[in-house]
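Asker: Would you be able to build a 3D model of this:
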Amino acid sequence: MLSNGFIRNHAIGITADSGVFRFQYYDRSKVVESEAFHIVDEEWRKLFMAMVCQLNQLSSEKLGFIPNLHLDDFDYLRDPKQFAQDFKDNPEGLVGVKYRFKCSDGCRRIFVIKRVLYRAEGIIGRGSIVVEVECICTESGCKWHGERKIMKISFPSRSRPPEDALIQEARLKAESTGAHWALNHLPQIADSITLTYDESTVQGRLKSHLKEKYEERVMRVVLLEKLHPLSELEDPRDFAQVFYDILQIHQWLYECAGILHRDLSIGNIMFRRKDDKIYGVLNDFDLSSRVQDMDKGLLSNHRTGTRPFMSPELLNPNWKGGHYYRHDLESLFYIMVCIACRYERPGVAAAEPRAYSKWFHGTDEEVRDNKTSFLCCSPPANIPIQPYFAGFKLWLKSIYRSMRFGYLDSAKYSSGPRESESDDEDFHFDWMTMNKCVSYTTIRSTMSSFEGNYLETRWAGWNPDH
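Answerer: The predicted model follows:
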């Protein structure tokens, strides 16, 4: 119910299995259920009927639907005639739903969902939902009326820096330091709101009862300008420029703005067109962190990253080294590998069986072992690049070779950095860049040109030996 149908903060219900019943509650942090019971028991039957009656009396928000969501035309719960309806597992059911909120300029706007772009599956986690919306408000003077924007609704950890705040920090840094080029590679926030769960809510009461065993979250709605996905690029060189742009803005964010992205994926690399030019845009800062906070422990109880593109180190539960900037460069490599090997051309999937499918369907352990084998196997892996993306062969072979050397070298040491500097052997291995095998300088030297011609360098780099 949390990953299908209407958008909810939480779900409350009753499950039945062969005459055995349970009361259940679940949200983005915890699943709570009662002991199993049979309704042949008189006391349990009374409690069961009481709960059914109470559920029917609850408001939409107390049933878990997010506030300000218009359910007038979609309230299946109140109409018994709807109970027999077949509700399919289809996110397009959100199309046509309206959402209202008060923007920072004081205008109360209504947005109608036009298209569902992404919806996370599962229970625990951010549960991000990304939709394309159109402003249909009728207030006079609304400058957004008729415009299309992207709306992202998510439930991040309360301890994590807000995405909109990090993006605004980066944009202000670019403006104040004269790095105006960086603005072309950062998303533009139109507006955002954050709703917290106080002690009167179910989430607040669970936190009071479960203490540290319950992760506090917020509901965040962010409105952004509409960007273009990688599938809309039409030339391999444009792909190369976008990937090189992402490397440059990532380095600038890390070294100048003090922000580490931590979640590179195919869906988080976008582009915008401006003055007949294409600019790669690094999107989705939900899991990003300020570099100065990186040594203060986890900002959430859950890992950061998207499994198919994550470093095998981060998929190892015994890894103690934290999230280095080098791990994001590894993610960029896996993204390029997947684009070049799993697609015949932009937006057209290669024939089955597609390369590296285990990265998308395996468990953490299976993906970790498969990637480790890919990097460290003997002889080196043959990367099956599709003909359309043949120009990436030099890039992928060069970066693969650097990463392979780094991983083979790291295998001579422990499974990860020591917590102290007492072990001289481990201390002298540079885990940040795997002894400079995977660094901004190394990757930039490969990606600055494509098929013998230089790409556009937006920024020369500030600290090449970082």
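
Asker: what are the ranges of the helices in the protein?
Answerer: Along the chain, the segments classed as helices by DSSP state H run 42-57, 163-176, 202-210, 236-252, 325-342, 358-361, 364-376, 393-410, 424-427, 440-447.

Asker: Next, give phi and psi for Ile383.
Answerer: Torsion angles at Ile383 (phi, psi; degrees, to the nearest 10) stand at phi -90, psi 110.

Asker: Make 780 the starting number, not 1.
Answerer: That works, and once the first residue is 780, the last one we named lands at Ile1162.

Asker: Please name the residues that touch it.
Answerer: Contacts here follow Cβ atoms under 8 Å, 6 or more residues apart in numbering; on that basis Ile1162 touches Val1116, Ala1119, Cys1120, Lys1172, Leu1175, Lys1176, Tyr1179. From N, CA and C alone the C-beta is placed, and that goes for glycine too.

Asker: again with Trp1174
Answerer: So Trp1174 contacts Ala1019, Met1115, Thr1225, Met1226, Phe1229 (Cβ under 8 Å, 6+ apart).

Asker: Most widely separated two among those residues?
Answerer: Distance extremes for the contacts of Trp1174: the farthest pair is Met1115 and Phe1229 at 11.7 Å, using Cβ to Cβ.

Asker: the more surrounded of these two?
Answerer: Taking other Cβ atoms under 10 Å, Met1115 and Phe1229 do not tie; Met1115 has more neighbours (23 against 20).

Asker: Please verify my assumption that that one contacts Tyr1023.
Answerer: No. In this structure, Met1115 is not within contact of Tyr1023 by Cβ atoms under 8 Å, at 10.7 Å.

Asker: now the helices of the chain in CSV, with mean pLDDT and distance to Met1213?
Answerer: Listed next are these as CSV, based on pLDDT from 0 to 100; distance: least, Cβ to Cβ, whole Å:
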stretch, mean pLDDT, distance to Met1213
helix 821-836, 85, 55
helix 942-955, 97, 27
helix 981-989, 93, 40
helix 1015-1031, 98, 17
helix 1104-1121, 98, 7
helix 1137-1140, 96, 20
helix 1143-1155, 96, 11
helix 1172-1189, 96, 3
helix 1203-1206, 55, 13
helix 1219-1226, 96, 10
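
Asker: Now tabulate the ones you listed in JSON lines and tack on distance to Leu842.
Answerer: Shown next, in JSON lines, are those (distance: least, Cβ to Cβ, whole Å):
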{"stretch": "helix 821-836", "distance to Leu842": "7"}
{"stretch": "helix 942-955", "distance to Leu842": "27"}
{"stretch": "helix 981-989", "distance to Leu842": "11"}
{"stretch": "helix 1015-1031", "distance to Leu842": "41"}
{"stretch": "helix 1104-1121", "distance to Leu842": "38"}
{"stretch": "helix 1137-1140", "distance to Leu842": "34"}
{"stretch": "helix 1143-1155", "distance to Leu842": "34"}
{"stretch": "helix 1172-1189", "distance to Leu842": "49"}
{"stretch": "helix 1203-1206", "distance to Leu842": "53"}
{"stretch": "helix 1219-1226", "distance to Leu842": "49"}
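
Asker: right, and those - which one's nearest Pro1087?
Answerer: Checking the helices of the chain against Pro1087 by Cβ to Cβ gives helix 1137-1140 as the closest, at 4.1 Å.
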